[in-house]
Structure formats: structure tokens, C-alpha cells
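**Student:** Mind folding the following:
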Amino acid sequence: MQDSYAGNTEEELDTSLSVADSKTEPKTSSKSRKRRRQSTDPSSEEYKKKRELNNISVRKSREKARHKQQETEGRVEILSAENNRLQERVDSLEKELTILKGLFSNIGASLPGEVTKFLSAE
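**Tutor:** Predicted coordinates for the structure are as follows:
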């Protein structure tokens, strides 16, 4: 029988499934999966070269992290300054609103309906 989706026969599908199933079965021995470290002599040239490359890599990684931290701190300073500026603007507008409300009430004029609705919504 032909499978219309994959173009394979049922027998081919069964075979491929059994192969796939066998690949996903857990191994019983955990020792076979462990990778043993080869001990290298600290005085060997191979060890020294690996250590040197690792040290360079560590320095590079730390410098990158330091640079990223500095960029983040700079961004925080910029955003804090902007936040302070905006907060000062809000405070100024609130004072202006209070003054204008007082002027309207002192002269006995009523605020337009839209303004009254907006102010009561706050």
C-alpha cells in the first residue's frame, strides 16, 4: 500500500520507524557516554598552548562583558536624565493647570464642559 503523504510504502515506513525508535532508546550504561579527559602534562607544549589560548579567550570574554556593562550604564544615565526632564515637565504642567483653575474660579467663569470632564477624569 502506498502512503500518499510521504511517497513511501507501509513497509518502508515501518522499517524507518523501527530504526528511528532504536536511535532514541536510552543506553543502559552511563559509563559508555562519559567522556574521559586525557591527562595532559602541564610541562608539555600542547598544554602550554591550550592554556595560552584559553587565557586569551578569557581576557577577550571579560573585556567584552566589561564593554557591555559600560554601555548599559551609559544607557541608564541617559534614560535617567530623560526621565528627570520629563518628570520636571509634568510637574510644571501640573502647576500651570492649578494656576489656570484658580484663575477661572477667581473670575467666576465656568470651565468649558470638555475641560471639566477631562479634569474630573484625573
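
**Student:** for the helix or strand where I56 lies, packing partners?
**Tutor:** Secondary-structure assignment from DSSP states H and E places I56 in helix 45-106. Under the contact criterion of 3 or more Cβ pairs under 8 Å, 6 or more residues apart in numbering; DSSP states H and E, helix 45-106 touches no helix or strand at all. The C-beta positions use only the backbone N, C-alpha and C, and glycine is treated the same way.

**Student:** which stretches of this structure have low pLDDT?
**Tutor:** Of all residues in the chain, those with pLDDT under 70 make up the ranges 1-39, 108, 111, 122.

**Student:** can you count the residues close to E73?
**Tutor:** As a burial measure, the neighbour count of E73 was computed by other Cβ atoms under 10 Å and equals 10.

**Student:** separation between it and P112?
**Tutor:** For E73, the distance to P112 (Cβ to Cβ, to the nearest Å) stands at 48 Å.

**Student:** cool, and K95?
**Tutor:** The span separating K95 from P112 equals 21 Å under the rule Cβ to Cβ.

**Student:** still on that earlier bit, quick one: the following helix or strand past the helix holding I56 to helix 45-106, angle?
**Tutor:** Later in the chain than helix 45-106, the nearest helix or strand by DSSP H and E is helix 113-121. Using axes from the mean of the first three to the mean of the last three Cα atoms, to 10 degrees, the interaxial angle of helix 113-121 with respect to helix 45-106 works out to 130 degrees.

**Student:** separation between Q69 and E63?
**Tutor:** When Cβ to Cβ is the yardstick, Q69 and E63 sit 11 Å from each other.

**Student:** Then L86?
**Tutor:** If you measure L86 against E63 using Cβ to Cβ, the figure is 35 Å.

**Student:** For P42, what is the enclosing helix or strand?
**Tutor:** Secondary-structure element containing P42, defined by DSSP H and E: none, the residue being outside all helices and strands.
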